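[1] Got a sequence here, can you model it:
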Amino acid sequence: ENERKEVGARLSLSALLGETYAEAGGRILDVANGEFGWAVFANVLRSDPCCGYAKSCNLDDPLEVAQLYARMRMNEACTSLDLEKLSVSRLGKGIKILPANGDNCISCTRGKHQYSWSELQDLPRLPRQWGCQCTYSAWI
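    Residues are numbered from 1 along each chain as shown. The predicted model follows:
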């Protein structure tokens, strides 16, 4: 539990300092004493890559897995802020999920991806899976 809190604190510091995902991943790896990764997670990403990120990431390298974790958590915070800003401005018909890398996200391009203002309670939280880089956008 203490290490989890320390990782969160280091990610927050990285975000405040405007560091890259690589630098944030390095901070996480420092907390974890160079050990960061899990085989089941890597196997899932290899079989179901989201946004193409798993294809370019060495999932056997603890630093790259830590960087992926940093990317996930920092994107989660950014998309949460984006959703809050879009909800306040209420521009257009509602909110849509904008897939990264030209519709290559398996999770975000399946099914419904446009939500009217009355359907915000049904809007899935992003990122939907590890490696997802999709974001919210105004549905105009």
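[2] show me the biggest helix of the protein in terms of residues.
    Longest helix of the chain, by residue count under DSSP state H: helix 62-89.
[3] What residues of it count as buried?
    Burial within helix 62-89, assessed by neighbour count using 16 or more other CB atoms under 10 Å, is assigned to 62-75, 79, 82-83, 86. For glycine as for every other residue, the C-beta is placed from the backbone atoms N, C-alpha and C.
[4] Mind listing the strands the next helix or strand after it pairs with, and their directions?
    Next along the chain after helix 62-89, taking DSSP states H and E as the criterion, comes strand 94-98. Strands that pair with strand 94-98, judged by DSSP bridges, come out as strand 114-116 (antiparallel), strand 135-139 (antiparallel).
[5] nearest to Val31, of those strands?
    Closest approach to Val31 among the strands paired with strand 94-98 is made by strand 135-139 (27.7 Å; CB to CB).
[6] Dump the closest one to PDB, restricted to CA.
    Extracted in PDB, the C-alpha atoms of strand 135-139 (Å, rounded to 0.1, in the frame of the first residue of the first chain):
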ATOM      1  CA  THR A 135      -9.800  11.000 -25.900                       C
ATOM      2  CA  TYR A 136     -13.100  12.800 -25.600                       C
ATOM      3  CA  SER A 137     -14.200  15.400 -28.100                       C
ATOM      4  CA  ALA A 138     -17.200  17.600 -28.700                       C
ATOM      5  CA  TRP A 139     -19.900  16.000 -30.900                       C
END
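[7] Rounded mean pLDDT for the longest helix of the chain, please.
    The average pLDDT for helix 62-89 rounds to 87.
[8] Just send the strands paired with strand 94-98 back as TSV, with distance to Arg128 and mean neighbour count too.
    Output for the strands paired with strand 94-98, formatted as TSV (distance: least, CB to CB, whole Å; neighbours: other CB atoms under 10 Å):
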stretch	distance to Arg128	mean neighbour count
strand 114-116	14	15
strand 135-139	11	18
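[9] between those, which one is nearest to Leu11?
    strand 135-139 (18.7 Å).
[10] which residues are contacting the closest one?
    Contact with strand 135-139 is made by 78-79, 82-83, 86, 89, 91-98, 100, 114-116, 126, as judged by CB atoms under 8 Å, 6 or more residues apart in numbering.
[11] Thanks again, I'm all set now.
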